[in-house]
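S.K.: just to be clear, the model below is a prediction. Sequence and coordinates:
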Amino acid sequence: MTHPFDVLEAGLADRAALALTRRRRIADTPCAPRIRIDGRDLVAFASNDYLGLANHPRLIEAIAEGARRYGAGSGGSHLLGGHSRAHALLEDVLAGYAGGFASDPRALSFSTGYMANLAILTALAGRGATVYSDALNHASLIDGARLSRANVRIYPHADAVALAAMLDEDRGDGMKVIVTDAVFSMDGDIAPLAALTALAEKHQAWLVVDDAHGFGIHGDDGAGTVADLRLRSPLLVYMGTLGKAAGVAGAFVVAESTAIEWLIQQARSYIYTTAAAPALAHAAGVSVALMRGEEGHARRARLHGHIDAVRAMIGGIEAMGAGVSAMASTTAIQPIVVGENEAALALADALLEHSFWVPAVRPPTVPPGTARLRLSLSAAHETDDIQRLGQALRASRAATATAPRVGVATA
């Protein structure tokens, strides 16, 4: 009889042999480009703190103020006494900020984006429904689709033509739900949201958009990718997160009021969990004010300047024939595709020797053969950080191109 721990140990050994072991690194300092990790001072291109707000003095004070006003925890689920005035105020602000696509927008707050996506898909879809999911969607959308018990059809990445053919094939009366990331977290490209909205309208399908990596960054005032494209549809269901560009924690869904009421009544990952700390909701409201104001505009402009600089830098390294590939990303996520797992790990380890932390990302997070370094840019980076990173990348790639080694990384 096989012992349960033998199964686990064999599985862990298999992962190690394929260079797929993950590890956590311990940060001793606040989230920032200059960070102390595992006792080493590094320049980090690893976080999703795109606007550099995670360590903003106003948000630190806002959390403290929120705790003084509302206490340390919520004490219950939203429907059993845990729904604070701070949550209600934040939802009103978010509905007005990100809900321009709807005629009667309403927002619902969640403790994480993962839980928000589970809520949306399990509540809107179900047996007899069909979920149409982009092939590169985030794990939370994949899991939400599976848990919904709906029929799931995967369409090729960002291929609205293929999706249109699928929708034309499916003439049944069941609910249809199209689901996509807005900004894809590993490639950094943007979904064809205008075409998807048109298909949703044509087929009377819900269009669920996960804008975790676009909220706060895209749009004139940071209201997100849907706002940037000036889309409008009552069938849009928009999810944004508050732990990335907003610098705090949590997530939210904005949709027409009727759809939000349905989530409140039906979404298990909303109903059956303790509400997030009201202090976080209070701080998130302050963050939204920062993002919408002059400081938010300035930080977005600085971030977009960094994006242009990094794209040029990566393109230059690719042109050297260094065995890496740039991707067509115009967002704060700038991948450098290396290919094999060991080669990506070796390059990440070499960059650590130059005091840069750029995580290696491997399957199953990305498809086999596309292991990469994932550069995450922040408005808090300095121009000099990017220039020195480019120099370190050239030196590291030259040193590791012929001698990859197996190590461990974070994703």
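M.R.: Sure, I can see it. Numbers count the residues shown, from 1 in each chain.
S.K.: surely Gly172 is in a strand?
M.R.: No. Assigned with DSSP: H, G, I helix; E, B strand; the rest coil, Gly172 falls outside any strand and is coil.
S.K.: excluding sequence neighbours, find me the nearest residue to it.
M.R.: Counting by Cβ to Cβ, 6 or more residues apart in numbering, Thr130 is the residue found nearest to Gly172 once chain neighbours are left out, at 7.7 Å. For the C-beta atoms, the positions are set from N, CA and C on the backbone; glycine is no exception.
S.K.: neighbours of Gly216, how many?
M.R.: Neighbour count of Gly216, defined by other Cβ atoms under 10 Å: 32.
S.K.: ok, Asp181 next?
M.R.: 28.
S.K.: and Asn341, by the same measure?
M.R.: Neighbourhood size, Asn341 [other Cβ under 10 Å]: 23.
S.K.: distance of it relative to Gly369?
M.R.: 9 Å (Cβ to Cβ, to the nearest Å).
S.K.: where does Asp92 sit, in terms of helix or strand?
M.R.: Assigned by DSSP states H and E, Asp92 belongs to helix 85-98.
S.K.: which residues are contacting that helix?
M.R.: 66, 69-70, 78, 105-109, 215, 221, 223-224, 226-227, 238, 240, 252, 254, 275-276, 278-279, 281-282, 284-285, 288, 292 (Cβ atoms under 8 Å, 6 or more residues apart in numbering).
S.K.: buried residues, that helix. List them.
M.R.: 86-87, 90-91, 93-95, 97-98 (16 or more other Cβ atoms under 10 Å).
S.K.: secondary structure class for Ser74?
M.R.: From three-state DSSP, the assignment for Ser74 is coil.
S.K.: do I have it right that it meets Ala279?
M.R.: No. Ser74 is not in contact with Ala279 according to Cβ atoms under 8 Å; the separation is 9.5 Å.
S.K.: let me know the closest of the buried residues of helix 85-98 to Lys176.
M.R.: When these are compared for distance to Lys176 (Cβ to Cβ), Ala98 wins out at 23.7 Å.
S.K.: tell me which stretches of the stretch 251-400 of the chain form helices.
M.R.: For the stretch 251-400 of the chain, the helices defined by DSSP state H, counting those that start in this stretch cover 257-266, 268-271, 278-292, 294-319, 341-353, 383-400.
S.K.: which secondary structure elements does the second one contact?
M.R.: By that I understand helix 268-271. Applying 3 or more Cβ pairs under 8 Å, 6 or more residues apart in numbering; DSSP states H and E, one finds that helix 268-271 contacts strand 105-110, helix 113-124, helix 257-266.
S.K.: what's downstream of the second one, the next helix or strand?
M.R.: So that's helix 113-124. Next helix or strand after helix 113-124 toward the C-terminus (DSSP H and E): strand 130-134.
S.K.: given that following strand, what are its sheet partners and their directions?
M.R.: In the sheet, strand 130-134 lines up against strand 151-155 (parallel), strand 176-181 (parallel) (DSSP bridges).
S.K.: return the most buried member of those.
M.R.: strand 176-181 (a mean of 27; mean count of other Cβ atoms under 10 Å).
S.K.: relative to helix 113-124, how tilted is that strand?
M.R.: Put simply, strand 176-181 runs at 170 degrees to helix 113-124, going by axes from the mean of the first three to the mean of the last three Cα atoms, to 10 degrees.
S.K.: thinking again about what came up before, how about the buried residues of helix 85-98 in TSV, adding pLDDT and distance to Thr197?
M.R.: TSV is the format used below for these (pLDDT from 0 to 100; distance: Cβ to Cβ, whole Å):
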residue	pLDDT	distance to Thr197
Ala86	98	33
His87	98	29
Leu90	98	26
Glu91	98	24
Val93	98	25
Leu94	98	20
Ala95	98	19
Tyr97	98	20
Ala98	98	16
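S.K.: any idea which of these is closest to Val248?
M.R.: Of all these, Val248 sits closest to Leu90, with 10.0 Å by Cβ to Cβ.
S.K.: just give the nearest non-adjacent residue to that closest one, would you?
M.R.: Ala281 (4.5 Å).
S.K.: who touches the one you found in this structure?
M.R.: Contacts of Ala281 (Cβ under 8 Å, 6+ apart): 66, 84, 86-87, 89-90, 109, 250.
S.K.: if you set the cut-off to 7 Å instead, what comes out?
M.R.: Taking Cβ atoms under 7 Å, 6 or more residues apart in numbering, we find Ala281 in contact with 84, 86-87, 90, 109.
S.K.: cool, and Leu20?
M.R.: Leu20 neighbours (Cβ under 7 Å, 6+ apart): 341, 362-363.
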